[in-house]
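Chemist: what's the 3D shape of this:
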Amino acid sequence: MANNKSALKRIRQNEKQRLHNRQYRTRARTLIKKARSAIESGDKTAAAEATRAAVRDLDLAARRGVIHPRNAARRKSRLMKQLAALETA
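Modeler: Prediction:
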């Protein structure tokens with residue numbers, strides 16, 4: 001446990017930031033799941049719209065430092081690859 005005021009304050013700040021970051025991370029995961037299910041359903045327009053929303057949210061999370069930019073790029077790449085496979089099929 002922390003022994004001084006600054007360490008106690010840092011603990012409070014870290015917890016507050018963790019809860020704030022969790023919102024962005026959870027939302028990104030949810031939108032990725034929705035995009036994947038739309039791709040699996042085969043509806044091209046719904047899949048494209050859901051993928052666009054997921055990409056936008058991944059960019060936001062990366063810009064805010066919630067996830068690493070390369071992590072966001074990798075996830076976007078995989079989603080776009082699945083979407084492209086749907087559109088060529």
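
Chemist: off-centre distance for stretch 52-65?
Modeler: Taking the mean of its C-alpha atoms, stretch 52-65 sits 6 Å from the chain's own mean (C-alpha atoms, centre = their mean, to the nearest Å).

Chemist: wait, stretch 73-89
Modeler: For stretch 73-89, the distance to the chain centre is 16 Å (C-alpha atoms, centre = their mean).

Chemist: again with stretch 22-35
Modeler: 5 Å.

Chemist: then stretch 69-84?
Modeler: That offset, for stretch 69-84, works out to 11 Å (C-alpha atoms, centre = their mean).

Chemist: how near is the residue nearest to Gln82 when sequence neighbours are not counted to Met1?
Modeler: Sequence neighbours aside, Ile39 is the residue nearest to Gln82 in space, at 5.1 Å (criterion: C-beta to C-beta, 6 or more residues apart in numbering). Every C-beta, even on glycine, is put in place using the N, C-alpha and C of the backbone. Going from Ile39 to Met1 by C-beta to C-beta, to the nearest Å gives 48 Å.

Chemist: the most centrally placed residue in the chain and Val66, how far apart?
Modeler: Here the mean C-alpha position of the chain is nearest to the C-alpha of Ala28 (C-alpha atoms, centre = their mean), at a distance of 2.8 Å. Distance of Ala28 to Val66, computed by C-beta to C-beta: 8 Å.

Chemist: same check on Leu19?
Modeler: Taking C-beta to C-beta, one finds Leu19 at 12 Å from Val66.
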